[in-house]
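Novice: Quick check, what structure comes out for this input:
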Amino acid sequence: MLDLHQITKDARLLQQCEAAWKDIDESGDLLPTGGVPEGWSPNKHRTEGCAEADWLRFNLALWQATANPQYLSMAERAAFNELAMNQFSTGDFGHRVLTDNGIAGDGAARAWWCCTLHGLRYFPDFQSSAFRADGEALCYDVPIDSDLAKAHVGSAILAATAASSLARDAAVRLTITSASETLASLCVRRPEWAETLNVRINGKPCPSTSEGGYTRMHRKWRTGDVVTVNYAMSLESRPGGRKRVTFSHGPWLLGAPASANATYFNELTAENKLAVAKDPTLAPSPTRPFTVPIAARTLPYAPAEFPNQPCTVTLRAVAEQTAEPPTQWELRFRSGGTA
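Specialist: Now for the predicted structure:
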């Protein structure tokens, strides 16, 4: 429908797509990861790589058609969490079985006959959405790596690349690779999960303005200029439905993986009560690819079996599932107050 809208400019087609998006968003079937199930309730039993890729690309297309930031936010959420969690250590995409409060360890399948092909297609779509030209500015919308982005910005030409180290130090480096002799603007989006943005040019503070959810730097750029963007983020808890909460750090949804929490998972796991620590301990990260060390946290919890003997559980970004064999994840937790 969106493809037809792009060709025909028929507003009714776009309205139909936006109505469908709203139905999904309000259905109760949208997953904590920002993804969608393979089947809708009462057949919400597992995820599926093809559905996830379609959902992400649908949101990107809606963003491009409407400039409504809610669609870009949803695409970002799905890419950082659902698509990353859905990918296997082999590179394949496939299926994972849903539980009441998370993802099962058993039943995962690499669907090379459809999901792998379809899932891999999202990478260029998402990467090409990192930069865009918007009238008088080159905008950096998503904090990911991106190849050369070259755009006509008013009467100037501005080109840049992006290298993200967000998972390690909450930063992205934008390098200007080409610039005209005239003034031009570079705008960096502040996602809803970032409390503030701190920007520096060539290591020094720079004049900037904030407008419409973006930090704007307007100046005469030179080839080789480096803009460092630091995204301020912290541990957040939100209602997760069913009188439970979910945890996130920046764009990453956090969960308790069975592979790192052998004592947490038991017959009464779902009744364990997590407490939100005022200053949660940073958990050590394994030395393997695809880790998100900045987000890992250790939280106290009261075990359901013996609530008077507090323990700790390690929460990690669900995106880390990419690098390890399938394991059980709890994503929705009972809250035990503040530690």
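Novice: name the helices or strands packed onto the helix ranked longest in the chain?
Specialist: Longest helix in the chain by number of residues (criterion: DSSP state H): helix 49-66. Contacts defined by 3 or more C-beta pairs under 8 Å, 6 or more residues apart in numbering; DSSP states H and E place helix 49-66 against helix 2-8, helix 11-25, helix 69-77, helix 115-120, helix 122-127. Using the backbone N, CA and C atoms, a C-beta is placed for each residue, glycine as well.
Novice: Quick check: which of these is buried the most?
Specialist: Comparing these by mean neighbour count (mean count of other C-beta atoms under 10 Å), helix 69-77 comes out on top with a mean of 21.
Novice: what sits up against it?
Specialist: 21, 25, 33-34, 56, 59-60, 62-63, 126, 129, 141-142, 189, 191-192, 213, 251, 253 (C-beta atoms under 8 Å, 6 or more residues apart in numbering).
Novice: mind running it again at 6 Å?
Specialist: Residues from elsewhere that reach helix 69-77 (C-beta atoms under 6 Å, 6 or more residues apart in numbering): 34, 56, 59-60, 62-63, 142, 192.
Novice: Select from those residues the one having the most neighbours.
Specialist: Tallying neighbours with other C-beta atoms under 10 Å puts Leu56 at the head of those, with 27 neighbours.
Novice: List the contacts of it.
Specialist: Contacts of Leu56 by C-beta under 6 Å, 6+ apart are 75, 78-79, 122.
Novice: Report pLDDT for it.
Specialist: In this prediction, Leu56 carries a pLDDT score of 96.
Novice: Once you drop chain neighbours, what's closest to it?
Specialist: Closest residue to Leu56 apart from its sequence neighbours, by C-beta to C-beta, 6 or more residues apart in numbering: Ala78 at 4.7 Å.
Novice: my read: the one you found touches Gly34, true?
Specialist: Yes - taking C-beta atoms under 6 Å as the definition, Ala78 is a contact partner of Gly34 at 4.0 Å.
Novice: gap between the residue nearest to Leu56 and Val227?
Specialist: Between Ala78 and Val227 the computed distance is 27 Å (C-beta to C-beta, to the nearest Å).
Novice: higher neighbour count, these two?
Specialist: For the pair Ala78 and Val227, the greater number of neighbours falls to Ala78 (28 against 23), based on other C-beta under 10 Å.
Novice: The more buried one and His249, how far apart?
Specialist: Applying C-beta to C-beta, the value for Ala78 to His249 is 17 Å.
Novice: do Ser146 as well
Specialist: Distance, Ser146 to His249, by C-beta to C-beta: 23 Å.
Novice: for Pro207, same thing?
Specialist: 30 Å.
Novice: How about Ala275?
Specialist: Using C-beta to C-beta, one obtains 17 Å as the distance from Ala275 to His249.
Novice: These two: which is more packed in?
Specialist: The neighbour count for Ala275 versus His249, taken as other C-beta under 10 Å, is higher for His249 (22 against 16).
Novice: Just the pLDDT at the residue lying closest to that one once chain neighbours are set aside, thanks.
Specialist: Of all residues not flanking His249 in the chain, Ala295 sits nearest, at 3.8 Å (C-beta to C-beta, 6+ apart). For Ala295, the pLDDT comes out at 95.
Novice: Same question for Asp147.
Specialist: Per-residue confidence (pLDDT) for Asp147: 83.
Novice: Doesn't it lie inside a strand?
Specialist: Yes - using DSSP: H, G, I helix; E, B strand; the rest coil, the secondary structure at Asp147 is a strand.
Novice: Please give the number of neighbouring residues around it.
Specialist: Asp147: 10 surrounding residues under other C-beta under 10 Å.
Novice: out of everything not next to it in sequence, what's closest to it?
Specialist: Counting by C-beta to C-beta, 6+ apart, the residue nearest Asp147 is Thr161, at 6.3 Å.
Novice: still on that earlier bit, got the angle for the longest helix of the chain vs helix 11-25?
Specialist: Relative orientation of helix 49-66 and helix 11-25, computed by axes from the mean of the first three to the mean of the last three C-alpha atoms, to 10 degrees: 130 degrees.
Novice: Do you know the pLDDT at Ala151?
Specialist: pLDDT at Ala151 comes out at 65.
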